[in-house]
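Fold the following and give me the result.
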Amino acid sequence: MWQVVALLAMVSPSDRAGNASAQQRLPMYSKDLRHCVHTHSGAAMFHKHSILLIALSLACTACTKAPETAADAEVARANGNPTALTIDTGQITGEQLADGTRVYRGLPFAAPPVGDLRWRPPARPVSWEGARDATRFGSVCPQSSGIAAYVGTAMPPIDEDCLYLNVWTPATVTNARLPVMVWFHGGGLVGGWGHQSSYDGTAIASRGVVLVSINYRLGPLGFLALPELSAESPDGASGNYGMLDQVAALEWVRRNIAAFGGDPDRVTIFGESAGGTSVVALMASPMSRGLVNGAIAQSPWVTDSNFVPLKTSGKFVPSAESQGAGWVAKITEGGADLDTLRKLPASALVGDDKPALPAFVTVGGPFMPVSSETAFKTGRQLNVPAIIGTNANEGTIFMATLYDSRPKFLSAALVQYGQTGQKLLDLYPGEDGPALARAADQYLTDTMFLRAARGALDGMANVPARAWQYHFTRINPSAPALGANHGWEIVYVFNTSAMSDRTAVEATDAALAAAMIDYWTRFAKTGDPNGPGLAAWPDYDPENRAFVELGDTIRTDRALGAQRLDRLEAILNQAPALKSP
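Residues are numbered from 1 along each chain as shown. Next up, the predicted model:
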């Protein structure tokens, strides 16, 4: 449903409310250790181990050392700069905040993907001489103005040279071996960046976790598949360049995070929306093995149209190469060879006035040999613990004008699912007014997010690692009409509510944010979100389908939307597939 996600790019401010190891490392914690997991953490600032556990962790990580050049950084610190560090490409200096957190911004994790490197897997970054100033964020990847307009901020500097990451660390020594969380931003795979204000890592770092946020290539520069690109690739595949950027960032973390006091064997990936898509895709990818020890997918956007076969049609959409060729024909008014396309400035390919390439992950090739759905159904995903959840009102920010009447609602469903769209709408009655709005919201919530979340959670039963589900229900106080809208949970996870346009933070929000950041960081520390002072969060399995509701209160329940989702799944499974040309 990329058409619906693309609506995000049209919302104005006034409307807004390579493997590091040949084998997968030992999963962070197995189900057999469930009784051993308890943690402690510091106090929270608001707005968006157990002995056996430590022994097991040390047994498989003790041989990992900080870079040999770490001593150089200690000398530099002694000479007056407490932020000086040495990583594999050179020395860096960052900023030390008032609370002692050290922030390193704009660190290149790959070579600039420009010129002949456009539409190729990311290359290793080059080294530099002297100390690199890491106090300014890097450029964001080329995109339209949609996300900036939606969040109500000026668009940061854009450049195709955009593969940078940022690190927040509370560590004062390189051998601290703190857990690491790596954040992948949302934006429909066409927009966003890793340093949006709501992704500030200070609060997470204050909980004893090293936080990393990254940029990755977007839109056609990140996800274009073409027969010509596949032909020139040694793997015979194309697309997924943005996903390969994410793998490159995780490889960088593996090589360098110990210099920041992080533990390369305790890396949790997390992301929301397209970032959740990324988490699910990385869990399903063999290229992630040895790089990921835990995963949190917030509102993962996974549908029948955004995981697309490379050369054959998907169930409801043409092949990735076919869609890519169609985009090239539009953008060049007839077509162009790769040499010509690589010489065009990025602004000629991406922007507010440029044809959009439907956003999707390509299935086929080394990154995604099979779809994420197939991987989870057959137990081929990473054997690492996972938290997967959704918000109560995911659909409200996407409804816009496509769903303001029943005929338009039907038309949108037919575009997405063909004649199956009519059967789907029977599950969501409501002719007009509030009833129609509720129906459209639930339809979008289910088809874009909740169905996929349940499928991935059910698939976790096929590996030993444990899983947990959440259901976020806190209504957005700044825009109550949106309910618990898509993306609203982010400011609670990052504890950055105070950075929004609200003048006060309600006690309910403060308590919820403190709980959520505690759940998330305890999971990163131990592989289990549970711990002292928090409401118990039961494991998920396909029989009980237990979940925790995160809202005005925190409570447990089971079988979220089960009957409706069962009917939805049956309809989609019986739908005829699009025939390949």
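
what residue is smack in the middle of this protein?
When C-alpha atoms, centre = their mean is applied to the chain, the residue found nearest the centroid is Gly275 (1.8 Å).

so what's that one closest to, chain neighbours aside?
Nearest non-adjacent residue to Gly275, counting by C-beta to C-beta, 6 or more residues apart in numbering: Phe184, 3.8 Å away. For the C-beta atoms, the positions are set from N, CA and C on the backbone; glycine is no exception.

thinking Val103 is in contact with Glu95, fair?
Yes. With contacts counted by C-beta atoms under 8 Å, Val103 reaches Glu95, the gap being 5.0 Å.

Which residues are in contact with each of the two?
Thr135 (C-beta atoms under 8 Å, 6 or more residues apart in numbering).

For stretch 375-383, give the mean pLDDT please.
Averaged across stretch 375-383, pLDDT comes to 98.

confidence score at the residue nearest to the centre of the chain?
98.

I figured Ala225 was touching Leu310, is that so?
Yes. In this structure, Ala225 is within contact of Leu310 by C-beta under 8 Å, at 6.1 Å.

more neighbours, these two?
Taking other C-beta atoms under 10 Å, Ala225 and Leu310 do not tie; Ala225 has more neighbours (30 against 22).

can you pull the contacts of the more buried one?
Ala237, Ser238, Gly239, Asn240, Leu310, Ser319, Ala320, Glu321, Gln323, Gly324, Thr362.

Can you tell me which of those lies closest to Pro532?
Distance to Pro532, by C-beta to C-beta, is smallest for Asn240 among the contacts of Ala225, at 41.7 Å.

Check the spacing between the closest one and Pro121 real quick.
According to C-beta to C-beta, to the nearest Å, Asn240 and Pro121 sit 9 Å apart.

do the same with Gln416
According to C-beta to C-beta, Gln416 and Pro121 sit 31 Å apart.

Test my guess that the residue nearest to Gly275 contacts Val280.
No. Counting by C-beta under 8 Å, Val280 is not a contact partner of Phe184; they are 10.7 Å apart.

what is the rounded mean pLDDT of the longest strand along the chain?
If you go by DSSP state E, the chain has its longest strand at strand 262-272. What strand 262-272 shows for mean pLDDT is 98.

Which one's more surrounded, Asn240 and Pro121?
For Asn240 versus Pro121, the count of surrounding residues by other C-beta under 10 Å is larger for Asn240: 30 against 19.

how close does that one get to Val361?
Counting by C-beta to C-beta, the gap from Asn240 to Val361 is 6 Å.

what residues are shared contacts of these two?
With C-beta under 8 Å, 6+ apart, Asn240 and Val361 have common neighbours Phe223, Met368.

What part of this structure, helix or strand, is modelled with the least confidence?
helix 51-61 (a mean of 31; mean pLDDT, DSSP states H and E).

follow-up on the earlier one: partners of the longest strand of the chain in the sheet?
strand 178-184 (parallel), strand 294-298 (parallel) (DSSP bridges).

Tell me the first helix or strand C-terminal of the last one.
What that stands for is strand 294-298. Per DSSP states H and E, the first helix or strand lying C-terminal to strand 294-298 is strand 307-309.

and the helix or strand following that next one, what other elements does it pack with?
Tracing the chain past strand 307-309, the next element assigned as helix or strand by DSSP H and E is helix 320-331. Packed against helix 320-331 by the contact rule (3 or more C-beta pairs under 8 Å, 6 or more residues apart in numbering; DSSP states H and E) you find helix 219-223, helix 227-232, strand 307-309.

Could you work out which of these reaches nearest to Val151?
Nearest of the helices and strands packed on helix 320-331 (C-beta to C-beta): helix 219-223, 17.8 Å.

Now Thr508: closest residue in space, sequence neighbours ignored.
Asp552 (5.7 Å).

these two touch, right, the one you found and Ala484?
No. With contact defined as C-beta under 8 Å, Asp552 does not count as touching Ala484 (10.2 Å).

residues shared between the contacts of the two?
Counting by C-beta under 8 Å, 6+ apart, the residues touching both Asp552 and Ala484 are Thr473, Arg474.

Compare the two and say which one has the larger neighbour count.
Ala484 (21 against 13).

Show the contacting residues for that one.
By C-beta under 8 Å, 6+ apart, the neighbours of Ala484 are Asn391, Ala392, Asn393, Phe472, Thr473, Arg474, Ile475, Asn476, Gly551.

Can you redo those as TSV, where the extra columns are neighbour count and secondary structure?
Putting the contacts of Ala484 into TSV (neighbours: other C-beta atoms under 10 Å; DSSP: H, G, I helix; E, B strand; the rest coil) gives the following:
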residue	neighbour count	secondary structure
Asn391	27	strand
Ala392	23	coil
Asn393	23	strand
Phe472	24	strand
Thr473	18	coil
Arg474	23	coil
Ile475	17	coil
Asn476	20	coil
Gly551	16	coil
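
for those, which one is nearest Trp488?
Asn476 (4.9 Å).

per-residue confidence at the closest one?
pLDDT at Asn476 comes out at 93.

Does it touch Leu482 like I think?
Yes. Between Asn476 and Leu482 there is a contact under C-beta under 8 Å: 5.2 Å.

Please name every helix or strand in contact with the helix or strand Ala281 falls within.
Counting by DSSP H and E, the element that carries Ala281 is helix 274-284. In terms of contacts (3+ C-beta pairs under 8 Å, 6+ apart), helix 274-284 is packed against strand 178-184, helix 241-256, strand 262-272, strand 294-298, helix 372-377, helix 451-459.

Any buried residues in the lengthiest helix in the chain, and which?
Ranked by number of residues, the top helix in the chain under DSSP state H is helix 507-526. The neighbour-count check on helix 507-526 (16 or more other C-beta atoms under 10 Å) flags 509-510, 512-526 as buried.

same deal with stretch 524-540?
Counting neighbours by 16+ other C-beta under 10 Å, stretch 524-540 gives Ala524, Lys525, Thr526, Gly527, Asp528, Pro529, Asn530, Gly531, Leu534, Trp537, Asp539, Tyr540 as buried.
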